[in-house]
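Undergrad: what's the 3D shape of this:
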Amino acid sequence: MGPPRRTVPAWLTLALLWCAAPLVLAAVTIPPLLELQPSKEEVLFTVNHDPDQAPDPFTLPCRADALPEPSYYWLKDGEKYDLDDEEEEHGRVEMVEGEGSLVFHDPRPEDQGTYQCVAENSVGAAHSEIATVKRAMMANFPKSEPRVVTAALGQSLSLPCTPPEGYPQPSLHWVLQTSDGGLRSLNSPRLTVDEEGTLWFSYVTPEDASEDALYACAASSATSERHVYLVEDEEGGLQMLEDEPHTDPLISLDLPTEYRMGNWVYLNVSYPGDDKSTLPESNLPPVKQYVSDHEVTALQGDEVKLYCIFGG
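TA: Numbering: from 1, shown residues only. A predicted model of the protein is given here:
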């Protein structure tokens, strides 16, 4: 028989395991995994030049889960983006404490570019989607006096619109602007606005003549997700509503919105033999006015409008 075997008490085994557990846990490391990151969609911002108006800030989100806690930095146009002392001092651009989100409190034109967030710790790094940031803006219409256009009764007519420069491309529609600045809608199946902003009359009637109002091309450019609707009231005027109306709106807009009007036209209607009792011809042959290009390229999921406008 050999010497008696020595056994370790169960309580001592448990105590040793309990003491070793923190050492095992302390050795666990997790590389950064992004929980928040910028969208793939384009980020638009506006620059405020009015000192009496508050700027419109925007944020590029970035936050990661990691062990140990990650540090963050950003790449702008492929180069490391450093917040200089002036920006940090005045708080124009700052990184949110405890995460990597970048807040632009007072955007400027030089903030345009591509941005990518990088979260890193001792065991790895994670790169966010690349966000494209662009300034949304719209210039004024070129200055011009109202044009006088004379159209023959019953004939087709087009009023072109020369839109102002802007990004994103402004949406265009036409309204009647009264001498006191009021707006009236153009709500007729005879009138169509094509994708280039031209107003087409399938045929001209006496009611189309300008009396106390001018035809005006209106351009709008949306820069946020606040939605409003333009609807026609009982007297033909336009009202702006934030709640979705029960009837189909004439146009829907995203606000804050740049809104411009120009290319004013005073429309006269001429009658055969200057006889205003003459009625328009009811059997005019169809005339092609505008047709979209035969080849249209679009990304999957995008909305595409094709136009086929005829007069007569």
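
Undergrad: after the lowest-mean-pLDDT helix or strand in the chain, which helix or strand is next?
TA: Every helix and strand in the chain was compared by mean pLDDT, DSSP states H and E; the lowest is helix 10-26, with a mean of 50. As assigned by DSSP states H and E, the chain's next helix or strand after helix 10-26 is strand 30-36.

Undergrad: tell me the strands beside that next one, with direction?
TA: Neighbouring strands of strand 30-36 in its sheet, by DSSP bridges, are strand 63-67 (antiparallel).

Undergrad: quick one: residues in contact with the strand it pairs with.
TA: Strand 63-67 has contacts (CB atoms under 8 Å, 6 or more residues apart in numbering) with 28-36, 70, 72, 99-101, 119, 121, 124, 126. Yep, even glycine has a C-beta here, placed from its N, CA and C like the rest.

Undergrad: pull out the buried residues from those residues.
TA: By neighbour count, with 16 or more other CB atoms under 10 Å, those hold 31-32, 34, 70, 72, 99-101, 119, 121, 126 as buried.

Undergrad: could you work out the most separated pair of those?
TA: Within those, two members stand farthest from each other by CB to CB: P31 and S101, at 19.9 Å.

Undergrad: re earlier: for S144, state which of the buried ones among the contacts of strand 63-67 is nearest.
TA: Nearest to S144 among the buried ones among the contacts of strand 63-67, counting by CB to CB, is S101 at 45.9 Å.

Undergrad: so the closest one makes contact with Y115?
TA: No. Taking contacts as CB atoms under 8 Å, S101 lies outside contact range of Y115: 11.4 Å.

Undergrad: report the rounded mean pLDDT for stretch 301-312.
TA: Mean pLDDT, stretch 301-312: 75.

Undergrad: from here on, count from 66
TA: New numbering, starting at 66: the last item is stretch 366-377.

Undergrad: buried residues in that stretch, which are they?
TA: 374, 376.

Undergrad: ditto for stretch 227-237
TA: 228-229, 231, 235-237.

Undergrad: what average pLDDT does it get?
TA: Mean predicted confidence for stretch 227-237 is 90.

Undergrad: straight-line length of it, end to end?
TA: Using CA to CA, to the nearest Å, the end-to-end distance of stretch 227-237 comes to 10 Å.

Undergrad: specify the beta-bridge partners of G178.
TA: Under DSSP bridges, the beta-bridge partners of G178 are V198.

Undergrad: so how far is F110 from it?
TA: Separation of G178 from F110 (CB to CB, to the nearest Å): 12 Å.

Undergrad: just want to know which of the two has more residues nearby.
TA: Between G178 and F110, counted using other CB atoms under 10 Å, the more crowded position is F110 (22 against 15).

Undergrad: OK, contacts around that one?
TA: 121, 123, 169, 172, 176, 198-201, 288.

Undergrad: quick one: pLDDT of P120?
TA: Note on P120: pLDDT of 88.

Undergrad: domain ranges for the chain, per the record?
TA: Structural domains assigned to the chain are 94-200, 202-376, following automatic domain parsing.

Undergrad: among those, which gets the worst mean confidence?
TA: When those are compared on mean pLDDT, domain 202-376 scores lowest, with a mean of 80.

Undergrad: contact partners for L256?
TA: Counting by CB under 8 Å, 6+ apart, L256 makes contact with 239, 264-267.

Undergrad: quick one: end-to-end length of stretch 135-147, please.
TA: End-to-end distance of stretch 135-147 (CA to CA): 18 Å.

Undergrad: swap that for stretch 228-247, sorry
TA: Using CA to CA, the two ends of stretch 228-247 sit 21 Å apart.

Undergrad: joint contacts of G178 and F110?
TA: Jointly contacting G178 and F110 under the rule CB under 8 Å, 6+ apart are V198.
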